[in-house]
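Student: sequence-free structure coming up:
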């Protein structure tokens, strides 16, 4: 990613490279503000690569009477699906099982009618026209058996089929960040903010450490926007703004299992005693989750315990004819939701709504929210930054236009999708490979195909991770800012959760491909591979531990390579 040091004073500096930080950078730069972003690890290395990977309105918030939040989220869902990122966001069907005769079908049906109605209103308001998804429909028990033969249909009275959307969350963040950079934002990863520059009471920038090269530097900015998620409280303490916001971390654990372990054309959503359980189609896999428990241990590497895994397996097995066990689990990942803390509320009850505050002049802080509404959060943060800017400059800051700014890969996607057979014929790749590339790169698929045409060896699938091509690793380095093996295996691709060995067999070949682009010597290649293998082993050990404390102790034995 592009550097920041030496760029002079910026209008806006963003701290945090998750979905909100990347969104703030895109919003600010497209309003005409000089913009920079600092991320202490890799883009989306925290919460924003470890979500349920859904773009949705949040059905359960309807029951909480949080209609405004649902309406806002559904409007954003429609924008992403139909205009901003049609190459990344795609429809996914769900079954909502009905277990009570009489009252439940009209009750749930009314909620889903409202859900579809709010989505349609949001589409009209945003100018998207159609909401882009089929409306819900009612199913009998027999209908459920046809769609989902592995579901225990004899224990239900029927179901309602409805649609939401899904996205590769890490790829969404990367694409937002790349779009911001394309419009002129300066981004730097592996840079940790160590303090704030002050002139009187006003924040005028930050001090930072380049972790790759072990050097200190300063970045001056008229406004700093903190989008550090679960690290919000630490940033507040650093600047002396304690108490403006308090963020509580909630751990969510997900399991990944092969698609053939559950025969179904649709995902499921079922109630649990604490929240809801999603069973989500994910290519050749299922994602199953999630948990919702308070977490106050290591924030960089939240660990899933055996208790978490057992909890998810127990709840999904309650609805399946053929139960899953630990041997069926390909991948496990744990993420932390940054929730705005309430008074003694359990994390499953805390609202996902976001808050923007300005604790001291020159500093804007944003916390809360959800993946789906990142663009609204970013707009609100930059609106607050604009208000702060008006106190020191006379120029008027323009309104947000990110509801019209298509993300990289959106332009040309529909055309290239129509040309999929032609592209396959020209490139020598199977049509299924072209579909895979279109779903990851959209209209930028030509970049990958050009690599393949120039170097035919890059058309080969990766050893141990055949869903991905060697060209995708090279592209991750040359165009997507990947600097370490973990960046590619865990975020540029999802090999770390989509293979039974967690990417161990793919690691050496991926490291060699990266080495050719980054000028790594043999010692560096060995160090990168060894570190990744130790990371996988630490995660496996943590997932065998009974408690959070034990799982955390096992996982933190292998920190980040930088």
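Tutor: Perfect, I can see it now. Quick caveat, the model's predicted, so the values are computed rather than measured.
Student: When you work out contacts or count neighbours from here on, use the C-alpha atoms and nothing else.
Tutor: Fine.
Student: how close does the closest residue to residue 554 other than its chain neighbours get to residue 551?
Tutor: For residue 554, ignoring the flanking residues on the chain, the nearest one in space by C-alpha to C-alpha, 6 or more residues apart in numbering is residue 542 at 5.1 Å. Taking C-alpha to C-alpha, to the nearest Å as the measure, residue 542 falls 4 Å from residue 551.
Student: if I look at those two, which residues touch both of them?
Tutor: 303-305 (C-alpha atoms under 8 Å, 6 or more residues apart in numbering).
Student: low pLDDT regions in the stretch 101-250 of the chain?
Tutor: For the stretch 101-250 of the chain, the stretches flagged by pLDDT under 70 are 126-131, 241-243.
Student: Would you state the helices of it in chain order?
Tutor: With DSSP state H, counting those that start in this stretch as the criterion, the stretch 101-250 of the chain has helices at 104-126, 141-147, 169-182, 232-239.
Student: quick one: which of those is nearest residue 479?
Tutor: For residue 479, the closest of the helices of the stretch 101-250 of the chain is helix 169-182, at 8.7 Å, according to C-alpha to C-alpha.
Student: so who does residue 440 touch?
Tutor: Remark: with contacts taken as C-alpha under 8 Å, 6+ apart, residue 440 is in contact with 87-88, 171.
Student: Residue 305 now?
Tutor: Counted by C-alpha under 8 Å, 6+ apart, residue 305 has contacts 542-548, 551.
Student: filter those residues to the buried ones?
Tutor: Among those, those classed as buried by 16 or more other C-alpha atoms under 10 Å are 542-545, 547-548, 551.
Student: mind checking how far the residue of the chain most remote from its centre is from residue 157?
Tutor: For the chain, the residue at maximal distance from the C-alpha centroid (C-alpha atoms, centre = their mean) is residue 102, at 38.9 Å. Residue 102 sits 10 Å away from residue 157, going by C-alpha to C-alpha.
Student: quick one on the thing from earlier: quick check: the residue nearest to residue 554 touching residue 556?
Tutor: No. Between residue 542 and residue 556 there is no contact under C-alpha atoms under 8 Å: 9.2 Å.
Student: out of the helices of the stretch 101-250 of the chain, which comes closest to residue 514?
Tutor: Going by C-alpha to C-alpha, the one of these nearest residue 514 is helix 169-182, 18.2 Å.
Student: returning to what we had before: the residue farthest from the centre of the chain and residue 144: what is the separation?
Tutor: For residue 102, the distance to residue 144 - C-alpha to C-alpha - is 18 Å.
Student: So residue 558 is in contact with residue 533, correct?
Tutor: No. With contact defined as C-alpha under 8 Å, residue 558 does not count as touching residue 533 (10.0 Å).
Student: quick one, strands of the stretch 51-200 of the chain?
Tutor: Assigned strands in the stretch 51-200 of the chain, in chain order: 54-55, 90-98, 137-140, 158-166, 186-188, 191-199 (criterion: DSSP state E, counting those that start in this stretch).
Student: and what of the stretch 201-350 of the chain?
Tutor: For the stretch 201-350 of the chain, strands defined by DSSP E, counting those that start in this stretch occupy the ranges 202-210, 215-226, 247-258, 267-271, 276-282, 285-289, 293-294, 331-340.
Student: picking that back up, right, and the pair among the buried ones among the contacts of residue 305 with maximum separation?
Tutor: The largest separation in these, counting by C-alpha to C-alpha, is between 544 and 548 at 10.7 Å.
Student: mind listing what the residue nearest in space to the middle of the chain touches?
Tutor: Centroid-nearest residue in the chain, with C-alpha atoms, centre = their mean: residue 169, separated by 2.7 Å. Counting by C-alpha under 8 Å, 6+ apart, residue 169 touches 48-51, 53.
Student: rewinding a little: just give me the closest of the shared contacts of residue 542 and residue 551 to residue 161.
Tutor: residue 304 (31.0 Å).
Student: Just to check, that closest one is in contact with residue 549?
Tutor: No. Judged on C-alpha under 8 Å, residue 304 makes no contact with residue 549 at a distance of 10.4 Å.
Student: Which one of those two is surrounded by more residues?
Tutor: residue 304 (31 against 16; other C-alpha atoms under 10 Å).
Student: Flag the shaky bits of this protein, pLDDT-wise.
Tutor: Residue ranges of the chain with pLDDT under 70: 1-7, 126-131, 241-243, 342-352, 394.
Student: go again using 50 as the cut-off
Tutor: 1-3, 343-351 (pLDDT under 50).
Student: Going along the chain, name the helices of the stretch 251-400 of the chain.
Tutor: Here the stretch 251-400 of the chain has its helices, by DSSP H, counting those that start in this stretch, at 306-317, 374-389.
Student: With residue 294 as the reference, measure out to residue 59.
Tutor: Computed as C-alpha to C-alpha, the residue 59 to residue 294 distance reads 22 Å.
Student: So for stretch 25-44, what gets flagged as buried?
Tutor: Buried positions in stretch 25-44, judged by neighbour count with 16+ other C-alpha under 10 Å: 25-31, 33-44.
Student: From the chain's centroid, how far away is it?
Tutor: 17 Å (C-alpha atoms, centre = their mean, to the nearest Å).
Student: residues in contact with the closest residue in space to residue 156 that isn't next to it in sequence?
Tutor: Distances taken as C-alpha to C-alpha, 6+ apart place residue 99 nearest to residue 156, at 4.5 Å, with adjacent residues excluded. If a contact means C-alpha under 8 Å, 6+ apart, then residue 99 has 155-158 as its contacts.
Student: I figured residue 338 hits residue 371, correct?
Tutor: No. Between residue 338 and residue 371 there is no contact under C-alpha under 8 Å: 11.1 Å.
Student: what's the distance between residue 539 and residue 556?
Tutor: According to C-alpha to C-alpha, residue 539 stands 9 Å off from residue 556.
Student: Which one's more surrounded, the two?
Tutor: With neighbours defined as other C-alpha under 10 Å, residue 539 and residue 556 compare such that residue 539 has more, 26 against 19.
Student: Can you tell me which of the strands of the stretch 201-350 of the chain is nearest to residue 387?
Tutor: Nearest to residue 387, of the strands of the stretch 201-350 of the chain and by C-alpha to C-alpha, is strand 215-226 at 10.0 Å.
Student: Point out the other helices and strands that that closest one packs with.
Tutor: In terms of contacts (3 or more C-alpha pairs under 8 Å, 6 or more residues apart in numbering; DSSP states H and E), strand 215-226 is packed against strand 10-15, strand 202-210, strand 363-368, helix 374-389.
Student: what pairs with that strand, and is each one parallel or antiparallel?
Tutor: Sheet pairing of strand 215-226 (DSSP bridges) gives strand 10-15 (parallel), strand 202-210 (antiparallel), strand 363-368 (parallel).
Student: Would you format these as JSON lines with distance to residue 276 and mean neighbour count included?
Tutor: Listed next are those as JSON lines, based on distance: least, C-alpha to C-alpha, whole Å; neighbours: other C-alpha atoms under 10 Å:
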{"stretch": "strand 10-15", "distance to residue 276": "32", "mean neighbour count": "26"}
{"stretch": "strand 202-210", "distance to residue 276": "41", "mean neighbour count": "20"}
{"stretch": "strand 363-368", "distance to residue 276": "20", "mean neighbour count": "26"}
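Student: Nearest to residue 486, out of those strands?
Tutor: Evaluated over the strands paired with strand 215-226, closeness to residue 486 peaks at strand 202-210, with 18.5 Å, by C-alpha to C-alpha.
Student: what's the angle between that closest one and helix 232-239?
Tutor: 110 degrees (axes from the mean of the first three to the mean of the last three C-alpha atoms, to 10 degrees).
Student: I figured residue 548 was touching residue 303, is that so?
Tutor: Yes. Taking contacts as C-alpha under 8 Å, residue 548 lies within contact range of residue 303: 7.1 Å.
Student: Now distance to residue 68 and secondary structure too, for the contacts of residue 305, in TSV please.
Tutor: Below are those laid out as TSV (distance: C-alpha to C-alpha, whole Å; DSSP: H, G, I helix; E, B strand; the rest coil):
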residue	distance to residue 68	secondary structure
542	39	helix
543	38	coil
544	41	coil
545	41	coil
546	40	coil
547	38	coil
548	35	helix
551	38	helix
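Student: I am finished for the moment; much appreciated.
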